[in-house]
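**Student:** Quick one: sequence and predicted model below, then my questions.
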Amino acid sequence: MAKKDNNKGHGNDLFENPEVLAEEISKFEEFLEKNKAATFGFVALLFIVVGGYFGYNYYIEGENRKAQSDMFQAVYYFEADSLNLALDGDGNNLGFKDIISDYSGTAAANLSYYYAGVSFLKKGDFKSAILYLEDFSSSDILIQAKAYALMGDAYMEQNDYENAVTLYNKAASYKENSYFSPSYLMKAALAYEKLEDKQGAIKCYEKIVNDFSEASEVNDAKKHKARLSAKAS
């Protein structure tokens, strides 16, 4: 006598027993008939959501292409240090502020926040620089950390050393690496020294020496650590 397989589940019966399969199909058809309005409503909503998603992405891609084209002149003015023209445009070409407002949600608008923030920083308008840089976001290893550090610079210029420390540390720890992190840690150490927080500064210098031994900042970090350690003792 064959031993009964107790592990065989009901799911397998659907494929092995045509009567069971027919019964399940009948139940499903009955459910659809009883819930016809809700079912078709759900399907319609699904089409709207899916269609809206792809439609929006197609629209954004088109807008981004136009924005990148319109942004060309603003970048040219920025590189020429014609910062007012870069920010506000020249009457014929858009500036970064126009790109942000006219092409909201595009990659070009996002990058314009960065350019605008740097432009205001160069102009000495540190509060505006922070506002624009705060709205910039990127996963890039260089530019996002740089944006944090630039906000730190803006806070330093306003003698707000606590926020400067926070932003410099954020820049140093963002996708931590030996190329950029040490320079941001040096900035953080200076901000700590402005706060008369010798231990905070020493920790920054120690991290450079211990974690980034090949960095060009190592010798300066050693020198400043020794100076602060001597004062502390």
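**Tutor:** All right, it came through fine.
**Student:** rest of the way, CA atoms for contacts and neighbours
**Tutor:** Will do.
**Student:** Show me what stretch 168-175 is in contact with.
**Tutor:** Contacts to stretch 168-175, defined as Cα atoms under 8 Å, 6 or more residues apart in numbering, come from residues 141, 144-149, 152, 180-185, 187-188.
**Student:** And those, which of them are buried?
**Tutor:** Buried residues within the contacts of stretch 168-175, counting neighbours by 16 or more other Cα atoms under 10 Å: 144-149, 152, 180-185, 187-188.
**Student:** among those, which are in helices?
**Tutor:** Judged by DSSP state H, the buried ones among the contacts of stretch 168-175 include 144-149, 152, 181-185, 187-188 as members of helices.
**Student:** Looking at the contacts of stretch 168-175, spot the one nearest Ile100.
**Tutor:** Ile100 lies nearest to Ala147 out of the contacts of stretch 168-175, by Cα to Cα, at 17.1 Å.
**Student:** Let me know whether the closest one touches Tyr114 as I believe.
**Tutor:** Yes. Look at Ala147 against Tyr114 with Cα atoms under 8 Å: they come within range, at 7.1 Å.
**Student:** Residues that sit against both of these two, list them.
**Tutor:** Leu133, Phe136.
**Student:** Leaving out the residues flanking it, which one is nearest to Ala164?
**Tutor:** Once flanking residues are discounted, Ala164 sits nearest to Gly152: 4.2 Å by Cα to Cα, 6 or more residues apart in numbering.
**Student:** Now do that neighbour against Ala129, distance only.
**Tutor:** Gly152 is 11 Å from Ala129, where distance means Cα to Cα, to the nearest Å.
**Student:** now the chain, which segments are flagged as low pLDDT?
**Tutor:** 1-64, 233 (pLDDT under 70).
**Student:** try 90
**Tutor:** Counting by pLDDT under 90, the chain contains low-confidence ranges at 1-70, 104-105, 140-142, 229-233.
**Student:** domain parsing for it?
**Tutor:** The record's domain split for the chain, according to automatic domain parsing, is 35-137, 139-233.
**Student:** any idea which of those is most buried?
**Tutor:** Among those, ranked by average contacts under mean count of other Cα atoms under 10 Å, first place goes to domain 139-233 (a mean of 19).
**Student:** What residues does Ala164 make contact with?
**Tutor:** Ala164 makes contacts with Met151, Gly152, Asp153, Ala154, Tyr155, Met156, Ala188, Ala191, as judged by Cα under 8 Å, 6+ apart.
**Student:** Specify which member of those residues is nearest to Ser82.
**Tutor:** Closest approach to Ser82 among the contacts of Ala164 (Cα to Cα): Ala154, at 20.1 Å.
**Student:** Now find how far off-centre the helix or strand the closest one falls within is within its chain.
**Tutor:** According to DSSP states H and E, Ala154 maps onto helix 143-157. Taking Cα atoms, centre = their mean, to the nearest Å, one finds helix 143-157 lying 15 Å from the centre of the chain it belongs to.
**Student:** got it, and stretch 79-90?
**Tutor:** Computed by Cα atoms, centre = their mean, the chain-centroid distance of stretch 79-90 equals 25 Å.
**Student:** cool, and stretch 122-136?
**Tutor:** With Cα atoms, centre = their mean as the basis, the mean position of stretch 122-136 lies at 17 Å from the chain mean.
**Student:** Stretch 154-171 too?
**Tutor:** Taking Cα atoms, centre = their mean, one finds stretch 154-171 lying 19 Å from the centre of the chain it belongs to.
**Student:** oh, and call the first residue 707 from now on, that's how I've got it
**Tutor:** Renumbered: residue one is now 707, and that last one reads stretch 860-877.
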